[in-house]
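# what follows is a protein structure lacking sequence information:
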């Protein structure tokens, strides 16, 4: 896991009241984090994903996952590093949870 993936995992995702799988294989893809109960994938991207070829590949990947009913939440490393509270709140919102639901 990257530094940002570790931060999200150890400081937030592992406390969710549902199973979160790390580095989940799905078809030809590896999803950074997957929450099967909610059918939500979480991707943490570096700056290289802003390049056109990566952007197109990510769009195709998101489309394939959407065909399986999986919603992709995509965040950039800089968001994990500078907007961590906003990222975690967005994840909670997409899961229909509140901070009080966390297992801390």
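Nice, thanks for sending it over. Quantities reported herein were computed from a predicted structural model and do not represent experimental measurements.
# centroid residue for the protein?
The residue lying closest to the centre of the chain (Cα atoms, centre = their mean) is residue 42, at 1.4 Å.
# so how far is residue 29 from that residue?
Separation of residue 42 from residue 29 (Cβ to Cβ, to the nearest Å): 13 Å. C-beta coordinates here come from the backbone N, C-alpha and C atoms, glycine included.
# what's the worst-scoring helix or strand of the chain on mean pLDDT packed up against?
Least confident helix or strand, the chain: helix 52-67 with a mean of 82, by mean pLDDT, DSSP states H and E. With contacts defined as 3 or more Cβ pairs under 8 Å, 6 or more residues apart in numbering; DSSP states H and E, helix 52-67 has these neighbours: strand 29-35, strand 40-45, strand 71-76.
# returning to that earlier point: beta-bridge partners for the residue nearest to the centre of the chain, please?
residue 33, residue 73 (DSSP bridges).
# is it true that residue 24 touches residue 35?
No - with contacts counted by Cβ atoms under 8 Å, residue 24 stays clear of residue 35, the gap being 9.6 Å.
# re the thing from before, verify the stated contact: the residue nearest to the centre of the chain with residue 90.
No - applying Cβ under 8 Å as the test, residue 42 and residue 90 come out as separate, 10.0 Å apart.
# shared neighbours of those two, anything?
Common neighbours of residue 42 and residue 90 (criterion: Cβ atoms under 8 Å, 6 or more residues apart in numbering): 73, 75.
# burial count for the residue lying closest to residue 62 once chain neighbours are set aside?
For residue 62, ignoring the flanking residues on the chain, the nearest one in space by Cβ to Cβ, 6 or more residues apart in numbering is residue 72 at 4.7 Å. Residue 72 has 17 neighbours, counted by other Cβ atoms under 10 Å.
# in contact with residue 26: list those residues for me.
If you count contacts by Cβ under 8 Å, 6+ apart, residue 26 has them with 34, 41, 65, 68, 70.
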